[in-house]
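Enquirer: Give me a model of this one.
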Amino acid sequence: MRTILFSSQTYDRDSFLAARLPAGIELHFQSARLSLDTAALAEQHEVVCAFINDDLGAPVLEQLAAGGTRLIALRSAGYNHVDLPAAKRLGLSIVRVPAYSPHAVAEHAVALILALNRRLHRAYNRTREGDFSLHGLTGFDLCGKTVGVVGTGQIGAVFAKIMAGFGCKLLAYDPFPNPEAQALGARYLALPELLAEAQIISLHCPLTAESKHLINSQSLAHLQPGAMLINTGRGGLVDTPALIEALKSGQLGYLGLDVYEEEAQLFFEDRSDLPLQDDVLARLLTFPNVIVTAHQAFLTREALAAIATTTLQNITDWAAGTPRNRVEG
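Expert: Here you go, the predicted model:
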């Protein structure tokens, strides 16, 4: 089966080629993002392997189906970028990687917390310039602080376990309480109550119609002044302009983002020689209490290996007529 991987980077090629390639699968790597302009590259490829910022809207799916594609194999757990009704209408099967390494994303969220709290980004830049002063670098002990976990699936549960290890008190918000989080002592609350009590809030929920802009000007008003917000989930979980206003007023004291709602045209490429055209992101980057990483939370050797292995197995199972990890429209 001819399989094309859109948005593939060097690490994707390395991890897929290092995995045991099942017989009958022929891999083609394409660095371009999947869009209407690039969908023609998938012609005569039975399988299209797509990543989080690839365009899988109805027009693109129609072009893929017309070119002979029958399976969309996502290299991600999330599928909010797929027009599922259109896929069903076109007879396209969708499979995903429901879990690869929850530790990778959870640990990155903790890294953002530690870096923001102890001002590591500022200290690093300062000492490289010969400034060894400590003013403005005061942090706080994590032990005893209240941490709110929004979304307690596999990643959220791992994050809660790590924060419990720091001696933090845990609050949680999720329509489906996780016994693992409850065993750690997490108290499930309504979102406004969690936001009001927690000093650190970390988002680990999927992006759905219900969760879009879950964090907005109204919900941010519930925060304790100076609270910390971390988002390693999906960019659309937060209303970014509202974050900027909360940062300006001091209502939000720290912000760590690994995802951004308008990241599709920015992330995963070196744009250092180009002017930043996104005014909202440019404003965010001016704040000294903000750290933005370019959707790298998943980027560990273990996670990449798991993504490659599961994706190849998904393709093999689909070809054998026993598909797993299907996404239903």
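Enquirer: From now on I want contacts and neighbour counts done on CA atoms only, so please keep to that.
Expert: Will do.
Enquirer: what's near enough to touch the closest residue to V149 other than its chain neighbours?
Expert: Counting by CA to CA, 6 or more residues apart in numbering, V149 lies nearest to A172, which is 4.7 Å off, once chain neighbours are set aside. The contact partners of A172, taken as CA atoms under 8 Å, 6 or more residues apart in numbering, are G148, V149, V150, G151, T152, A181, A186, R187, Y188, L189, L194.
Enquirer: Contact partners for the last one?
Expert: Residues touching L194, when contacts are defined by CA under 8 Å, 6+ apart, comprise G148, L171, A172, Y173.
Enquirer: Next, work out how far apart K145 and I72 are.
Expert: The gap separating K145 from I72 is 43 Å, by CA to CA, to the nearest Å.
Enquirer: okay, the two: which has more neighbours?
Expert: When K145 and I72 are compared for neighbours, I72 comes out ahead with 25 against 17, by other CA atoms under 10 Å.
Enquirer: So G253: helix, strand or coil?
Expert: strand (DSSP: H, G, I helix; E, B strand; the rest coil).
Enquirer: and it, how many neighbours?
Expert: G253 has 22 neighbours, counted by other CA under 10 Å.
Enquirer: pretty sure it contacts Q224?
Expert: No - applying CA atoms under 8 Å, one finds G253 not in contact with Q224, separated by 9.3 Å.
Enquirer: which residues in the stretch 1-150 of the chain form strands?
Expert: Applying DSSP state E, counting those that start in this stretch to the stretch 1-150 of the chain gives strands spanning 2-5, 26-29, 47-50, 71-74, 93-95, 146-150.
Enquirer: Mind giving me the packing neighbours of the third one?
Expert: So that's strand 47-50. Packing partners of strand 47-50 (3 or more CA pairs under 8 Å, 6 or more residues apart in numbering; DSSP states H and E): strand 2-5, strand 71-74.
Enquirer: Of those strands, which stretch is the most buried?
Expert: Ranked by mean neighbour count under mean count of other CA atoms under 10 Å, the helices and strands packed on strand 47-50 are led by strand 71-74, which reaches a mean of 25.
Enquirer: List the contacts of that one.
Expert: Applying CA under 8 Å, 6+ apart, the contact partners of strand 71-74 are 46-52, 92-97, 311, 314-315.
Enquirer: Just to be sure, I162 is in a helix?
Expert: Yes - under three-state DSSP, I162 falls within a helix.
Enquirer: what pairs with the residue nearest to V149 across the strands?
Expert: In this entry, A172 is beta-bridged to V149, Y188, by DSSP bridges.
Enquirer: buried set for stretch 321-329?
Expert: Residues of stretch 321-329 classed as buried: P323, R324, N325, V327 (neighbour count, 16 or more other CA atoms under 10 Å).
Enquirer: What residues sit buried inside the longest helix belonging to the chain?
Expert: Longest helix in the chain by number of residues (criterion: DSSP state H): helix 301-319. Under the neighbour-count criterion of 16+ other CA under 10 Å, helix 301-319 has 303-316, 318 buried.
Enquirer: Would you map the helices across the stretch 101-250 of the chain?
Expert: Using DSSP state H, counting those that start in this stretch, the helices found in the stretch 101-250 of the chain span residues 102-117, 120-128, 154-165, 179-183, 191-197, 217-220, 240-249.
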